[in-house]
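Student: I'll drop the sequence and a predicted model, then ask my questions.
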Amino acid sequence: MKTRYDALRAAPDLPAGSGCDLSPDARWGRAVRIGRGVRVGPHTVIHDETILEDGAHVGPGCVIGEPAGTGAPAHIGTDAVIRSGSIIYADVILGAGFQGGNRLTLREGTRIGEHCVIGTATDVQADVTIGAYTRIHSQVHLAAGTRLGRFVWILPGCLFTNDNRFPLFTHPAPPVIGDFSVLAAGCLVFPGARLGVHVVAAAGAHIKGDFADYAFIQGAPARVVCDARRYFTTDDDGVSHPYPWIRHVARNYPWKDVPPEQRRVEDYLEPAP
Amino acid sequence: MKTRYDALRAAPDLPAGSGCDLSPDARWGRAVRIGRGVRVGPHTVIHDETILEDGAHVGPGCVIGEPAGTGAPAHIGTDAVIRSGSIIYADVILGAGFQGGNRLTLREGTRIGEHCVIGTATDVQADVTIGAYTRIHSQVHLAAGTRLGRFVWILPGCLFTNDNRFPLFTHPAPPVIGDFSVLAAGCLVFPGARLGVHVVAAAGAHIKGDFADYAFIQGAPARVVCDARRYFTTDDDGVSHPYPWIRHVARNYPWKDVPPEQRRVEDYLEPAP
Amino acid sequence: MKTRYDALRAAPDLPAGSGCDLSPDARWGRAVRIGRGVRVGPHTVIHDETILEDGAHVGPGCVIGEPAGTGAPAHIGTDAVIRSGSIIYADVILGAGFQGGNRLTLREGTRIGEHCVIGTATDVQADVTIGAYTRIHSQVHLAAGTRLGRFVWILPGCLFTNDNRFPLFTHPAPPVIGDFSVLAAGCLVFPGARLGVHVVAAAGAHIKGDFADYAFIQGAPARVVCDARRYFTTDDDGVSHPYPWIRHVARNYPWKDVPPEQRRVEDYLEPAP
């Protein structure tokens, strides 16, 4: 995976699909596979053997397939959007419909499901697994090995850690976040944290240990405040129960055509392996 | 605003003003307006219809006018400096004398007054309003819709949020920060926070709710410690009263030629609308 | 140090050493000194008089020698690796064997010893001193003037500050971190903090004031919990004493061939000046 810089090409060496928009100012390693309708911006480097599926869009100033020492290339899914300034290592698999903010870093070994969104300047370390439809906002740091379920939300500035035995790093314990969970801004997630399905963490929580399905947690260290399904807010509109949030948020989700009152979290969980 | 990448030009299509320094390795959309003495570095993309006022300086590796779906272009004010690696969306207006650090992100709909400074890697989300002479340091995240007054200081790592009803995002309540306020490093600003004139927040404060003019606040959650005008420090030099800070800081401010004892915060407030 | 952008060259003007791999899409100021086996990626700018020692590797999309107003150039040490998207100012000295993550920012006046590692998107402000073999992770902010000793570890998201008299900035007091100290993720380091040798700070600590050698500290504000040498953890393997960590971590350190039980922190401290 280590092409010489002076051997990068001004055009791909394999034929691209129809309808592409490839900047003459992008630079190409060898054997890049390019589907139909792919766009690649200027000042972007696409390293050897990268796969760009149909409709993939890589903006200006990106590096795709940054060399990582494993044999596998970067694989950018159908209709994925990689915005300007992003760096995606080799051996990353990005699902269809991915939407990235500017200046993402995605390290090798990371696997991201379909229809995920990741915001500006977020740093996803190696070997992270992110389930389908998960949405991560800006300036988040996901430690190596972190596992996020499907339909998870991580708001800006959350910081994940993965080993309490620092700097020995002999006991890796990356956090595991269950489907439908929501972490508000600025949470600090400690090694070994395990959240069940649809846990909701308030902004700035320090999350250590295990939390059961639907826990609403808050504080440093975070404690359970209530069951998220009982959590309510009051304002001029009266009382509202925001959770489970599946009843209120539908855009681009699989349940977008299901009436709110018929949407159930349990219908969208994956069967246990 | 969606030029094809393969249609970007190696030179502007409109005549530039006199005395420019435009890298032949920048790439240009159509109808970019370029004043006198403008500098644009290599590997920078300037999208369609961007306006670069006299003396504007855009460093290497930037994207100006990143497409955003609104009709308006990016407008870079007189003598503004955009340092390497910055990404500024279309429909951003940057005032004269702006100074940016490296790798800023400024999203669409954002309006920044004259003589502002924003530091390295700060992420300004959409529709943010920043008053003149405001200074923001590195790695700050301003949530969509945040409103900062004039002469505000935001120190590194502050994180602004804008909606407590996450992930519904049905009740946007971006923070509003009054003129002359100062947030020290690492503050977490909650949705709906409203600070009056010259509020001072200590490092790491969690700022929720309303705080009156001149409050000195601290803690998580932040509480009022004293009136900032009574706050003092003691050291080898004796007792000092740092606030109102207008008495001590003058460089590049409108009061730079006013003697310290004659400078009054109220002389520089904008009349209520 | 202010070359015009339109005068940057498509090739260096001085002869490079043997065995180099220089992208024809890099751009060069004048009088850059290039050792043997140097690699420079596409879309990178190397400003005037930069020194690239033998084996230095600068990835794509970097800026080296970003103008800073002092007279000195950037000096990149032997076998140093600067990964994609990094910005290194003029008047920075990087020691041999440096390894950087993507999108570092290193400001002018900074001095970094041999064999240091700094992770993704970390922001090192001006005039920072970092001793040999120190390792800093992602998204750290080191305030201007910070002094880190040798063999220090700084984990992700730590935020250093340097002046309590904000926004006057009349009393700079950048933190000083002793050799072998370890700061876990998300620490906030206050102005004037001084840590002795081998202080260990738990994740999220707010570090104010002085802490003696081997203090294990925790909390906001941080308090001494115990002597780090007495700190232990218990798990399936029994009781372990992680500190001093020199007994457990050897890879790439000077003591890598010394048996663990014979490694002593005091053998690697620098004599007091």
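Tutor: Cool, got the structure. Note that the structure is a prediction, hence the values are computed from the model and not measured. Residues are numbered from 1 along each chain as shown, chains lettered A, B, ... in the order given.

Student: going forward, measure contacts and count neighbours with C-alpha atoms only.
Tutor: Noted.

Student: Can you name the residue of the stretch 101-250 of chain A nearest to chain C?
Tutor: residue A:168 (6.0 Å; Cα to the nearest Cα).

Student: Those residues of chain A touching chain B, which are they?
Tutor: A:21-24, A:39-43, A:60-61, A:84-85, A:102, A:120, A:138-139, A:153, A:156-157, A:182, A:184-186, A:204, A:242, A:245, A:248-249 (Cα under 8 Å from any Cα of the partner chain).

Student: Strands - which of these land there?
Tutor: Among these, the ones falling in strands (DSSP state E) are A:21-22, A:39-40, A:153, A:182.

Student: ok, of those, which one's closest to residue B:30?
Tutor: residue A:21 (16.9 Å; Cα to Cα).

Student: Does the closest one touch residue A:42 like I think?
Tutor: No. If you go by Cα atoms under 8 Å, residue A:21 and residue A:42 don't touch, sitting 10.6 Å apart.

Student: so what's in contact with these two at the same time?
Tutor: residue B:5 (Cα atoms under 8 Å, 6 or more residues apart in numbering or on different chains).

Student: In the stretch 151-273 of chain A, where is pLDDT below threshold?
Tutor: For the stretch 151-273 of chain A, the stretches with pLDDT under 70 are A:272-273.

Student: now the strands for it?
Tutor: A:153-154, A:159-160, A:176-177, A:182-183, A:188-189, A:194-195, A:200-201, A:206-207, A:210-211, A:215-218, A:223-227, A:233-235, A:238-240 (DSSP state E, counting those that start in this stretch).

Student: Export those strands to CSV and append columns for mean neighbour count.
Tutor: CSV is the format used below for those (neighbours: other Cα atoms under 10 Å in any protein chain shown):
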stretch, mean neighbour count
strand A:153-154, 26
strand A:159-160, 24
strand A:176-177, 23
strand A:182-183, 28
strand A:188-189, 28
strand A:194-195, 24
strand A:200-201, 28
strand A:206-207, 25
strand A:210-211, 18
strand A:215-218, 24
strand A:223-227, 16
strand A:233-235, 10
strand A:238-240, 10
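
Student: can you give me the offset of stretch A:185-203 from its chain's centre?
Tutor: 16 Å (Cα atoms, centre = their mean, to the nearest Å).

Student: ok, residue A:176 - contacts?
Tutor: A:146-149, A:192-195.

Student: before we move on, what about residue A:197?
Tutor: Going by Cα under 8 Å, 6+ apart, residue A:197 touches A:177-181, A:212-214.

Student: can you do 10 Å?
Tutor: By Cα atoms under 10 Å, 6 or more residues apart in numbering or on different chains, the contact list for residue A:197 reads A:149-152, A:177-182, A:211-215, A:265-266, A:269.

Student: Kindly report the same for residue A:80.
Tutor: Contacts for residue A:80 were tallied using Cα under 10 Å, 6+ apart; they are A:38, A:52-58, A:94-100, A:114-117.

Student: So which of the residues you listed are in strands?
Tutor: Counting by DSSP E, the contacts of residue A:80 contribute A:52, A:57-58, A:94, A:99-100, A:117 to strands.

Student: will you turn these into TSV that also has neighbour count, pLDDT and distance to chain C?
Tutor: Formatted as TSV, the ones in strands among the contacts of residue A:80 follow (neighbours: other Cα atoms under 10 Å in any protein chain shown; pLDDT from 0 to 100; distance: Cα to the nearest Cα, whole Å):
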residue	neighbour count	pLDDT	distance to chain C
A:52	27	98	20
A:57	25	98	19
A:58	28	98	15
A:94	24	98	20
A:99	20	98	21
A:100	25	98	17
A:117	21	98	20
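
Student: Compare the strands of the stretch 151-273 of chain A and give me the one nearest residue B:129.
Tutor: Closest to residue B:129 of the strands of the stretch 151-273 of chain A is strand A:153-154 (Cα to Cα; 25.1 Å).

Student: contacts for that closest one?
Tutor: Outside strand A:153-154, the residues touching it (Cα under 10 Å, 6+ apart) are A:117-119, A:133-138, A:140, A:148, A:177, A:179-187, A:198, A:200-201, B:166-167.

Student: When you filter the residues you listed down to buried only, what's left?
Tutor: The neighbour-count test (16 or more other Cα atoms under 10 Å in any protein chain shown) marks A:117-119, A:133-138, A:140, A:148, A:177, A:179-187, A:198, A:200-201, B:166-167 as buried among the contacts of strand A:153-154.

Student: Of all the strands of the stretch 151-273 of chain A, which one is nearest residue C:4?
Tutor: Across the strands of the stretch 151-273 of chain A, closest to residue C:4 is strand A:159-160 (Cα to Cα), at 40.8 Å.

Student: which non-adjacent residue is nearest the closest residue to chain B within chain A?
Tutor: Per Cα to the nearest Cα, residue A:23 is where chain A lies closest to chain B, at 4.5 Å. Counting by Cα to Cα, 6 or more residues apart in numbering or on different chains, the nearest residue to residue A:23 once its immediate chain neighbours are dropped is residue B:6, at 4.5 Å.

Student: before we move on, what about residue A:247?
Tutor: Distances taken as Cα to Cα, 6+ apart place residue A:260 nearest to residue A:247, at 4.7 Å, with adjacent residues excluded.

Student: Now do the same contact list for the one you found.
Tutor: Residues near residue A:260 by Cα under 10 Å, 6+ apart: A:245-250.

Student: Just the buried ones from these?
Tutor: Using 16+ other Cα under 10 Å, the buried ones in those are A:245-250.

Student: want to throw those into TSV with distance to residue C:34?
Tutor: Compiled in TSV, the buried ones among the contacts of residue A:260 are given as follows (distance: Cα to Cα, whole Å):
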residue	distance to residue C:34
A:245	58
A:246	58
A:247	61
A:248	60
A:249	56
A:250	56
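
Student: Looking at these, which is nearest residue A:90?
Tutor: Taking Cα to Cα as the measure, residue A:250 is the one of the buried ones among the contacts of residue A:260 closest to residue A:90, at 33.2 Å.

Student: and the gap between the closest one and residue A:116?
Tutor: Distance of residue A:250 to residue A:116, given as Cα to Cα, to the nearest Å: 14 Å.

Student: Residue A:258: neighbour count?
Tutor: For residue A:258, the number of neighbouring residues by other Cα atoms under 10 Å in any protein chain shown comes to 12.

Student: Same check on residue A:19?
Tutor: 13.

Student: Residue A:231 now?
Tutor: Residue A:231, neighbours per other Cα under 10 Å, totals 15.

Student: and the gap between it and residue A:267?
Tutor: Taking Cα to Cα, one finds residue A:231 at 22 Å from residue A:267.

Student: What pLDDT does the model give the residue sitting nearest the centre point of chain A?
Tutor: In chain A, the residue lying closest to the centroid (Cα atoms, centre = their mean) is residue A:118, at 5.0 Å. We have a pLDDT of 98 for residue A:118.

Student: Which strand residues bridge it?
Tutor: Beta-bridge partners for residue A:118, by DSSP bridges, are residue A:100, residue A:136.

Student: wait, what's in contact with it?
Tutor: Contacts of residue A:118 (Cα under 10 Å, 6+ apart): A:82, A:98-102, A:104, A:124, A:134-140, A:153-155.

Student: repeat for residue A:258
Tutor: Residue A:258 sits in contact with A:247, A:250, A:264, where contact means Cα under 10 Å, 6+ apart.

Student: okay but the second one is in contact with residue A:256, surely?
Tutor: Pointing back at residue A:250 there. Yes. Using Cα atoms under 10 Å, residue A:250 makes contact with residue A:256 at a distance of 4.6 Å.

Student: shared neighbours of the two, which are they?
Tutor: By Cα under 10 Å, 6+ apart, the residues touching both residue A:250 and residue A:256 are residue A:263.

Student: tell me the SS of residue A:65?
Tutor: strand (DSSP: H, G, I helix; E, B strand; the rest coil).

Student: In terms of pLDDT, where does the closest residue in space to it that isn't next to it in sequence sit?
Tutor: Excluding the flanking residues, the one nearest residue A:65 by Cα to Cα, 6+ apart is residue A:90, at 3.9 Å. On the pLDDT scale, residue A:90 is placed at 97.

Student: again with residue A:69
Tutor: pLDDT, residue A:69: 83.
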